[in-house]
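Q: Got a predicted structure here, sequence first:
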Number of protein chains: 2
Amino acid sequence: MSAPSRSSARPDSAESANSGGVQFADIDAFHRWYAVVADRTHMSVERLALDELDGWAYDETTGHIRHRSGKFFTVESLDVQVTSGPVQRWSQPIINQPEVGILGILVKEFDGVLHCLMQAKHEPGNHNGLQLSPTVQATKSNYTRVHGGRSVPYLDYFRDPDAADVIADTRQSEQGAWFYRKRNRNMIVEVTGEVELVDGFCWLSLDQLYELLSVPDLVNMDARTVLACLPFEGGRPALRRSAETEHPEAENAFVAALLRSEQAECGVHSTHEVLSWITDTRIRTDLHAERGSLAQLRDWRRADGRISHDSGLFFDVIGVGVDAGGREIASWTQPMIEQVGTGVVAFLVKRIDGVLHVLMHARTEPGYTDVTELAPTVQCVPQNYDLLPAEARPPFLDEVLAAEADRIRFDTILSEEGGRFFGARNRYLVVETDLDLAQEHRDHRWLTVCQLAELMRHSFYLNVQARSLVVCLRSLATTSTAPREAR
Amino acid sequence: MSAPSRSSARPDSAESANSGGVQFADIDAFHRWYAVVADRTHMSVERLALDELDGWAYDETTGHIRHRSGKFFTVESLDVQVTSGPVQRWSQPIINQPEVGILGILVKEFDGVLHCLMQAKHEPGNHNGLQLSPTVQATKSNYTRVHGGRSVPYLDYFRDPDAADVIADTRQSEQGAWFYRKRNRNMIVEVTGEVELVDGFCWLSLDQLYELLSVPDLVNMDARTVLACLPFEGGRPALRRSAETEHPEAENAFVAALLRSEQAECGVHSTHEVLSWITDTRIRTDLHAERGSLAQLRDWRRADGRISHDSGLFFDVIGVGVDAGGREIASWTQPMIEQVGTGVVAFLVKRIDGVLHVLMHARTEPGYTDVTELAPTVQCVPQNYDLLPAEARPPFLDEVLAAEADRIRFDTILSEEGGRFFGARNRYLVVETDLDLAQEHRDHRWLTVCQLAELMRHSFYLNVQARSLVVCLRSLATTSTAPREAR
């Protein structure tokens, strides 16, 4: 969880391709820069019992775990009743963080190629310490400095930008299984002037970022959700995909189908039909989720300084103590959620009339603002279903797990948000299938990538796992990190 | 509020233009049919004290007024804190109706012209008794028959329609000042087969409906909000607008600008900028609305069998007793909201480069699901501002009220929903302006009609008053009730 602290020189300035700051001629150069940052920064994290946390306490009145400032977040209980799914009533701990934070990426063209300003950043929940984060990743408590820490670099670019510079700007949900109606503002802002490079930040082209997505636990969740909001076109040559001929023949047809999908406003279902289906799922599913005291939790126990489910499954609420270098503040303690097991997050994709379609699942999670959001085809921790009857097993899970190697287009373990979740990792997969959905699956539909992008212009249609996977999918149309012009 | 009951023949079947049922060769024929329906149906409504209501009682535990069945709706209090606007903290009664009802219009082409199946229907709050309603206007309590009444005609067309027949299907909010997070499913479903005509229903072409919008208190709110969701095109000739030459010269340029606006995906702001602005207003405005007991109301009094504000302004919660013919059940009592005064609901519109733009207001109402929705330029009951300082006066209200006659394009008093609101009426206006918004109005933006239509494909962007006015605005491109082909 921590790298040893050590004094070190600034990142090798030989990597800077031009006056814009740290850029990389190839991906190896990035990795060398990243290793240097990892070497000279550190964050040590130790597990603590919940009652050992400093400034956090169990509030006798509300029954929540809260910070003495009243800020950041609380851990509460949620009593859930839902009309569908294998389990229709349960209670669970949940994080309530009503503030809307900013996740922002600053982008700039260098020599006609769009680059993203990324930060190599530690988070206490990252099992490998450092991950690649967006330019800004700030809760309101962060940027209004409730904790009295340092100011957030580059924040001003996102606080009051010129409308014309805003490439994406929408609120999106996060894990509805662990967060109660959490939403963050996902922003991409373009800058044309000089940008001073702060230590630990670098410029990466989109193609480089896409390539780095296949490195386990490198591009963090916040970076992925912001990248997902990047429009495909918008009149910018740098965002356009071009030739299909860059790819070896075997992948060529797949990539061509993917590129067609990015342009396909209509697939096997019109967007109009898709919207009606979403309306229907949101009305058809009755979800009642009531927040309450942790004392009301059924089937959960508070022991050994943590809160755990009696079965040992799902997740624990734990405490951690953090000692950090290079952060707004140097040390703190906090509660976190620790997922039990590694999840599977997968798209089944299929070429239909030469256009790639993605099988989306209208999924209910108790913390969603609006009952259901579109999720990947499969999203689960398989072992959570061991105690349930066979018919509760998630649809298409076996299709994904049994896929032959040449049908697996993407397969990388990626981390969930390290600020609240402790070592939460999921295996992200894109699996091609010929599956013929002869029988109607009421909660699944085939959508094009263009339709997914259109939905992401609005809030709360695609869940955070689906947004991550859309970025992984789009990365498959990139095989080179060279500037587009050089190809 | 009531028309005398009297036995009468079925509506004059001479009005039926063909085997499809009751249609009208001209608008006078409609009025004759409507007069016959009015004559032979009745609803008598009397005011009752809240504590005289049968089946409704003040719940000592929750402090709400509720029905003994636990269904329909409750009247609760809402404690509101908001970071913008002239008043930043207040409490008020509010209706909580969590069930999602269906507002549906069945449409069918006759001789190539799209017709809507409309119902002449009494509601207790309609000051004139009968109004023109959608095909289906049913709460969940209605259609699951909580009250043990008759089945809702035509409901099955909307319960499980073929996807291809669904023309519009989206949840939309209703009055956020009086309803806590109320939403209804707005649906338009096309039918090709024979439809049996139930007594009190008729087929009206779109042009006829548009013409009837200028009759005071005729087309009800539920009909307007569903019509607002009708797409402009969608490949259907019957939905398309065509020649500009149908209109006299003076209006011609205005109508041409309106028709261009219906096609203009981009106006002075791109849709992308508009979405970012909406995101910003929703994040910038902190709204806290907490439901509670009516006993907690500050500045409201419960006397004379009603709940009223100490100032006598805003609205009262009253009780009514209803005796109806031709309804699911024949008599009942219920609480209602009685607005004090008649409101002003107005669009300022402007031709910019030949394209009509509508000045929209990002408005916060305490009952909205998502903080702000786009509202008309002006939406208020002017007298409510008499007690407030001059700077609290709504922006652009004086611009609207002082408009010269030849700039007023639409001006009709229309009713709000008569099932919950008692005699609530607003003056709906479309006023053309040359106003140059030199200074930035942070909460106002110029949008095209096409952009408004695109937003209405999704939930909770346009409020119910704005949706009504969009229909009024679109009606201005129609001057004839003759079938389009005949022009």
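A: Perfect, thanks for sending it.
Q: Chain B contacts on the stretch 301-450 of chain A?
A: Neighbours of chain B within the stretch 301-450 of chain A, by CB under 8 Å from any CB of the partner chain: A:369-370. C-beta: built from backbone N, CA, C; applies to glycine.
Q: how about the helices in the stretch 301-450 of chain A?
A: In the stretch 301-450 of chain A, the helices defined using DSSP state H, counting those that start in this stretch lie at A:397-401, A:449-456.
Q: Please work out the average pLDDT along the first one.
A: The predicted model gives helix A:397-401 an average pLDDT of 96.
Q: what's next to it, contact-wise?
A: The contact list for helix A:397-401 (CB atoms under 8 Å, 6 or more residues apart in numbering or on different chains) reads A:344, A:346, A:348, A:377-378, A:380, A:382, A:429, A:431, A:433, A:435.
Q: What residues of that helix count as buried?
A: For helix A:397-401, burial by neighbour count (16 or more other CB atoms under 10 Å in any protein chain shown) applies to A:397, A:399-400.
Q: how far is it from where the chain is centred?
A: Remark: helix A:397-401 is offset 22 Å from the chain centroid, using CA atoms, centre = their mean, to the nearest Å.
Q: ditto for stretch A:48-59
A: Its chain's average C-alpha position is 28 Å from that of stretch A:48-59, according to CA atoms, centre = their mean.
Q: For residue A:452, give its distance to chain B.
A: 15 Å (CB to the nearest CB, to the nearest Å).
Q: What is the burial count for the residue nearest to residue A:108 when sequence neighbours are not counted?
A: Distance criterion CB to CB, 6 or more residues apart in numbering or on different chains; nearest residue to residue A:108, sequence neighbours excluded, is residue A:191 at 5.1 Å. As a burial measure, residue A:191 scores 15 neighbours (other CB atoms under 10 Å in any protein chain shown).
Q: residue contacts, residue A:63?
A: Counting by CB under 8 Å, 6+ apart, residue A:63 has contacts A:76-77, A:292-296.
Q: ok, and the closest non-adjacent residue to the residue of the stretch 1-150 of chain A found nearest chain B?
A: Per CB to the nearest CB, residue A:100 is where the stretch 1-150 of chain A lies closest to chain B, at 5.1 Å. In space, and not counting its chain neighbours, residue A:100 is closest to residue B:283: 5.1 Å by CB to CB, 6+ apart.
Q: my read is that neighbour is in a strand, agree?
A: No. Residue B:283 is assigned helix when assessed by DSSP: H, G, I helix; E, B strand; the rest coil, not a strand.
Q: if we can go back for a sec, residue A:33: which of the helices of the stretch 301-450 of chain A is closest?
A: Nearest of the helices of the stretch 301-450 of chain A to residue A:33, taken as CB to CB: helix A:449-456 at 30.6 Å.
Q: Quick one: mean pLDDT over stretch A:256-271.
A: Average pLDDT, stretch A:256-271: 94.
Q: what comes into contact with it?
A: Outside stretch A:256-271, the residues that touch it by CB under 8 Å, 6+ apart are A:232, A:241, A:244, A:277, A:351-352, A:354-358, A:445-451, A:453-454, A:473-474, A:476-477, B:163.
Q: Mind checking which of those residues are buried?
A: A:232, A:241, A:244, A:277, A:351, A:355-358, A:445-451, A:453-454, A:473-474, A:476-477.
Q: Now for chain A, the helix or strand with the poorest mean pLDDT.
A: Here the helix or strand of chain A ranked lowest by mean pLDDT, DSSP states H and E is helix A:140-143, holding a mean of 75.
Q: do stretch A:126-136 and chain B meet at all?
A: No. For stretch A:126-136, no contact with chain B is found by CB under 8 Å from any CB; the gap never falls below 14.5 Å.
Q: In terms of secondary structure, what does the least confident helix or strand of chain A contact?
A: With contacts taken as 3 or more CB pairs under 8 Å, 6 or more residues apart in numbering or on different chains; DSSP states H and E, helix A:140-143 sits against strand A:101-110.
Q: which helices and strands sit right next to whatever helix or strand comes next after the strand it packs on?
A: Remark: after strand A:101-110, the chain's next helix or strand is strand A:113-122, criterion DSSP states H and E. Packed against strand A:113-122, as judged by 3+ CB pairs under 8 Å, 6+ apart, are the following elements: helix A:27-40, strand A:101-110, strand A:130-133, strand A:201-205, helix A:206-212.
Q: do that again at 6 Å, thanks
A: In terms of contacts (3 or more CB pairs under 6 Å, 6 or more residues apart in numbering or on different chains; DSSP states H and E), strand A:113-122 is packed against strand A:101-110, strand A:130-133, strand A:201-205.
Q: Give me the contacts around that strand.
A: If you take CB atoms under 6 Å, 6 or more residues apart in numbering or on different chains as the criterion, strand A:113-122 is touched by A:34, A:37, A:43, A:105-108, A:129-130, A:132-133, A:135, A:200-206, A:238, A:483-484.
Q: For the stretch 201-350 of chain A, which residues score under the pLDDT cut-off?
A: The stretch 201-350 of chain A contains residues with pLDDT under 70 at A:233-250, A:326-329.
Q: Name the residue of it that lies nearest to chain B.
A: Nearest to chain B, among the residues of the stretch 201-350 of chain A, is residue A:276, at 3.8 Å (CB to the nearest CB).
Q: right, and that residue touches residue B:166 too?
A: Yes. Using CB atoms under 6 Å, residue A:276 is in contact with residue B:166, at 4.9 Å.
Q: Tell me the residues that contact both of those two, please.
A: With CB under 6 Å, 6+ apart as the test, residue A:276 and residue B:166 reach no residue in common.
Q: Tell me which residues touch the residue of the stretch 201-350 of chain A closest to chain B, please.
A: Per CB under 6 Å, 6+ apart, neighbours of residue A:276: B:166, B:169.
Q: in the helix or strand where it lies, what counts as buried?
A: Element membership of residue A:276, judged by DSSP H and E, is helix A:271-284. Buried positions in helix A:271-284, judged by neighbour count with 16+ other CB under 10 Å: A:271-283.
Q: hang on, the earlier thing: weed out the non-buried ones from the contacts of strand A:113-122.
A: Buried by 16+ other CB under 10 Å: A:34, A:37, A:43, A:105-108, A:129-130, A:132-133, A:135, A:200-206, A:238, A:483-484, out of the contacts of strand A:113-122.
Q: number of nearby residues for residue A:32?
A: 14.
Q: and the gap between it and residue A:200?
A: Distance, residue A:32 to residue A:200, by CB to CB, to the nearest Å: 15 Å.
Q: Establish whether the helix or strand just after the least confident helix or strand of chain A and chain B are in contact.
A: Next helix or strand after helix A:140-143 toward the C-terminus (DSSP H and E): helix A:156-159. No. Figure legend: helix A:156-159 not in contact with chain B (CB under 6 Å from any CB of the partner chain); closest approach 10.5 Å.
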